[in-house]
Structure formats: structure tokens, C-alpha cells
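S.K.: need a structure here:
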Amino acid sequence: MPVLNERAYLEHAVQSVLAQDVDGPTELVLALGPSTDGTTELAERLAAHEPRLRIVRNPAADIPVGLNAAIRASRHPTIVRVDAHSELSPGYAHRALQTLERTGAANVGGVMRADGRTPFQAAVARAYNSPVGLGGGSYHGGTREGPAESAYLGVMRRSVLEEVGLFDESVRRGEDWELNLRIRQAGYAVWFDPQLAVTYWPRESWIRLARQFRATGAWRGELVRRYGRRNGVRFFAPPALVLLVVLAAVLGVLQLTGVVAGIGSAIASVVYLPLIAYAVLVIVMALVPGRPTDPPRSPRERLWTLAVLPTMHLAWGLGFLTGVLRGAHDTVDASRLGTQNTPLP
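M.R.: A predicted model of the protein is given here:
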């Protein structure tokens with residue numbers, strides 16, 4: 001578990017891991033980054049009272065570096081990646097080990113079920129759980145079991161991880177997709193099991209969300225530079241939206257100043273149509289009710305949806321374009337660098 005500034009979430013995440021019912025010995029290795037909110041002290045206090053909990057240091061705070069350090073420090077043949085901002089559902093590890101054995105896959109993942117405690121976080125969670133928000137990857141709500149491009153978090157065979165070389169420490173975001181690409185290229189299967197569920201708590205403020213998605217988009221752009229067409233088509237939708245917005249803004253100025261007029265202006269106005277369709281889609285997402293099992297949506301959550309979806313798409317798209325054109329270089333996800341987190345009950 002890579003950890004940075006997660007004081008409000010860490011204890012719940014650790015409890016959900018240690019409560020897993022697994023035949024045989026288990027351990028939880030925390031890769032601690034240089035937190036400023038008391039996370040390190042909390043982790044050390046938890047480790048002092050729990051013999052299965054171990055700590056390694058991750059001074060650079062890079063996720064793949066921390067993951068590799070934790071994997072090398074661990075002692076068992078199966079690696080279960082977990083996240084301090086998530087909680088494993090009861091029976092997750094037991095089911096995942098069964099799926100590994102049944103399918104012969106090298107890596108097994110399930111559904112990321114985003115949830116929120118505040119209207120803003122609930123709006124982000126709804127976007128995460130919708131194909132409109134994150135492009136319809138299987139782990140964002142898929143229901144059909146089978147081979148997958150990647151896996152959320154992942155339950156992996158150590159032997160395969162060591163064979164393909166662990167996580168690429170030069171990839172700061174999207175490291176899971178890149179690892180799973182190498183696993184598949186080595187001839188092993190990556191498997192999606194919808195019966196596996198992990199609760200994920202999204203970022204707690206608009207600025208944190210924008211920072212997260214800009215960094216993630218930049219690294220996806222970097223992965224496109226490195227791997228080209230191996231990236232799915234859905235990754236190109238947000239940058240296309242950004243380009244449409246820029247084109248529409250330029251055209252609007254030219255029309256207002258009379259530079260573009262007459263029939264040419266009418267024909268060029270076609271560029272507005274996909275943006276109008278996108279705006280209608282966002283409004284529909286804000287208005288439609290949730291699933292029957294979901295709690296009622298508050299007016300504030302619906303209003304936040306109008307801001308959350310464009311923020312996710314435009315921040316990701318802008319990051320993607322800079323990543324493709326210039327590379328991601330030292331781009332980091334700065335959304336964890338503050339000290340304010342939504343407290344859990």
C-alpha cells in the first residue's frame with residue numbers, strides 16, 4: 001500500500017485489509033511517503049500494535065517506487081495491491097485468490113466502486129462510476145467476467161511480476177496499465193472479475209480533482225508517446241473535447257468581430273454542435289436519478305455534477321495534450337499534498 005497524506009483514510013483502509021479471510025499467512029507492507037498531516041505517526045502507531053503490518057520508506061513519494069519497495073520487502077507468493085484511499089470489500093482477497101487459481105491468470109482485478117461523504121465527493125463518485133465520466137473501462141462498472149486490458153489495483157503472482165520486471169519506476173501515473181501491458185505481452189492473462197469490489201474515496205475538493213486529472217492526463221499522453229496505438233481509443237476523447245473548445249472559442253471571436261461572416265460563418269458554426277451535445281449530456285447526468293440502491297441525490301450534488309464532469313474531462317485532456325507534445329517529465333499528482341481530507345465517521 002503506497003501512502004501519502006492519508007491520515008483520515010489510512011486506518012479504515014488498513015482495517016479492511018487485515019480483516020480479509022485468507023488461508024495461510026499474510027502481511028501488509030506500507031510504503032510511506034513524506035507525509036505532513038500525521039500519517040507517518042499514525043502508521044507507526046498501527047504497526048506497533050499489529051505484527052502483520054510492516055513499513056518501508058518511500059522518500060520520493062512516487063507510487064511505482066513505493067510499490068516496488070513494498071513488493072521487494074514482502075515475503076509471500078501472491079501480491080495484493082491496495083490503496084490507502086480505498087477499502088476492500090469482505091471476502092475480496094479470498095475470492096481473488098480463487099479466481100487466480102481458477103483462471104490461471106497472472107493478475108486479477110475487480111470493480112472500483114467510488115463513494116462520497118460530501119455532495120462534491122458524491123458527484124465525483126457518480127462520475128467515476130459512469131461510462132460518461134471515465135470512459136467505460138471494465139473496472140468502472142463492468143459486469144462480464146473475462147480477459148481485460150488492465151486491472152484496478154490487482155492481485156498478482158509474484159513470479160510473473162519478477163519475470164516482467166515489477167513496476168516501471170519512470171512512469172509516475174498509469175503505472176498499472178503499463179505493467180499489465182508487459183504482463184500481456186509476456187503471454188499471461190489479466191482477468192476482470194466483477195464479483196471483486198473495492199470502495200474508492202475520490203478527491204475532496206475541486207482543485208484537488210483538477211490537479212489529479214491533469215497529472216493523470218499528462219502521463220497518459222506520455223504513454224501514448226511510448227506505446228502509440230496500444231492505448232485505447234477512449235483515451236483520445238478528452239483531448240478532442242479540449243481542441244473543440246479552443247476551436248469554438250476562436251471561431252466565436254472571429255464571428256463577433258466580423259472576420260468570419262455570411263455562409264462561411266453558418267458552415268463553420270457546425271463546430272458548436274458537438275459542444276452543445278456535450279453540454280446536454282452533462283445536464284442529463286446532473287438531473288437523472290441514481291440507481292435504486294443509491295441514496296437520494298441532493299440538489300448540491302446535482303449542481304456539483306455540472307462542474308465535476310467538465311473539470312475531469314478538460315483537465316485530463318489538457319494534461320494529455322501537454323504529455324503528448326512535451327512528455328510528462330517530472331509531472332506529479334499534487335492533489336495529495338495538502339492536509340485537508342474529508343473525515344470518515
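
S.K.: ok, E163 touching R182?
M.R.: No: at 9.4 Å, E163 does not count as touching R182 under the criterion of CB atoms under 8 Å. The C-beta positions use only the backbone N, C-alpha and C, and glycine is treated the same way.

S.K.: higher neighbour count, the two?
M.R.: Neighbour tally, E163 and R182, criterion other CB atoms under 10 Å: the higher count belongs to R182, 17 against 14.

S.K.: quick check, that one in a helix?
M.R.: Yes: assigned with DSSP: H, G, I helix; E, B strand; the rest coil, R182 falls within a helix.

S.K.: so it versus S86, what's the distance?
M.R.: 24 Å (CB to CB, to the nearest Å).

S.K.: now do stretch 33-41: distance to the chain's middle.
M.R.: For stretch 33-41, the gap between its own C-alpha mean and the chain's C-alpha mean amounts to 22 Å (CA atoms, centre = their mean, to the nearest Å).

S.K.: please save the CA atoms from stretch 53-60 in PDB.
M.R.: This file holds the C-alpha atoms of stretch 53-60, laid out as PDB (Å, rounded to 0.1, in the frame of the first residue of the first chain):
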ATOM      1  CA  LEU A  53       1.900  -4.600   9.500                       C
ATOM      2  CA  ARG A  54       5.300  -3.600   8.200                       C
ATOM      3  CA  ILE A  55       6.700  -0.300   6.900                       C
ATOM      4  CA  VAL A  56       9.100   0.700   4.200                       C
ATOM      5  CA  ARG A  57      10.100   4.200   3.300                       C
ATOM      6  CA  ASN A  58       9.300   5.900   0.000                       C
ATOM      7  CA  PRO A  59      11.100   9.300   0.400                       C
ATOM      8  CA  ALA A  60      10.400  10.300  -3.300                       C
END
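
S.K.: which of the residues in that stretch are buried?
M.R.: 53, 55-56, 58 (16 or more other CB atoms under 10 Å).

S.K.: which of the residues you listed fall in strands?
M.R.: Among those, the subset assigned to strands under DSSP state E consists of 53, 55-56.

S.K.: got a markdown table for those, with distance to G146 and pLDDT too?
M.R.: Converted to a markdown table, these look like this (distance: CB to CB, whole Å; pLDDT from 0 to 100):
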| residue | distance to G146 | pLDDT |
| --- | --- | --- |
| L53 | 35 | 96 |
| I55 | 37 | 97 |
| V56 | 35 | 97 |
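
S.K.: closest to V22 out of those?
M.R.: L53 (15.1 Å; CB to CB).

S.K.: the closest residue to that closest one other than its chain neighbours and T40, how far apart?
M.R.: Nearest-residue entry for L53: A47, 4.4 Å, with adjacent residues in sequence omitted and distances by CB to CB, 6 or more residues apart in numbering. From A47 across to T40, the span is 11 Å (CB to CB).

S.K.: helices along this protein, start to end?
M.R.: 7-18, 39-49, 63-73, 92-103, 119-128, 131-134, 158-164, 175-185, 206-227, 237-256, 262-268, 272-287, 299-326 (DSSP state H).

S.K.: quick one: closest of those helices to A151.
M.R.: helix 175-185 (6.2 Å).

S.K.: so where is the protein shaky, pLDDT-wise?
M.R.: Under the criterion of pLDDT under 70, the regions of the chain flagged as low confidence span 135-142, 293, 336-345.

S.K.: what's the single longest strand in it?
M.R.: Scanning the chain for the longest strand, with DSSP E as the assignment, gives strand 190-200.

S.K.: report all helices and strands that that strand contacts.
M.R.: strand 86-88, helix 92-103, strand 107-114, strand 146-147, helix 175-185 (3 or more CB pairs under 8 Å, 6 or more residues apart in numbering; DSSP states H and E).

S.K.: hmm, back to that, tell me which of the helices of the chain is the most buried.
M.R.: Burial of these is given as mean neighbour count (mean count of other CB atoms under 10 Å); helix 119-128 ranks first at a mean of 24.

S.K.: now, which of the buried residues of stretch 53-60 sits nearest P119?
M.R.: Comparing the buried residues of stretch 53-60 against P119 with CB to CB picks out N58 as the nearest, at 33.2 Å.

S.K.: for that closest one, which residues are in contact?
M.R.: Residues counted as contacts of N58 (CB atoms under 8 Å, 6 or more residues apart in numbering) are 2, 4, 31-33, 65-66, 69.

S.K.: what's the most distant pair in those residues?
M.R.: Farthest pair in the contacts of N58 (CB to CB) is L4 and A69. Separation: 13.5 Å.

S.K.: so V308 sits against Q121, correct?
M.R.: No: here V308 does not reach Q121: they are 9.7 Å apart, not a contact under CB under 8 Å.

S.K.: return the distance of H76 relative to T26.
M.R.: For H76, the distance to T26 (CB to CB) stands at 7 Å.

S.K.: can you check Y200 too?
M.R.: Y200 is 22 Å from T26, by CB to CB.

S.K.: look at the two and report which has more neighbours.
M.R.: Y200 (20 against 15).

S.K.: contacting residues around the more buried one?
M.R.: Applying CB under 8 Å, 6+ apart as the definition, the contact partners of Y200 turn out to be 83, 85-86, 112-115, 125, 128.
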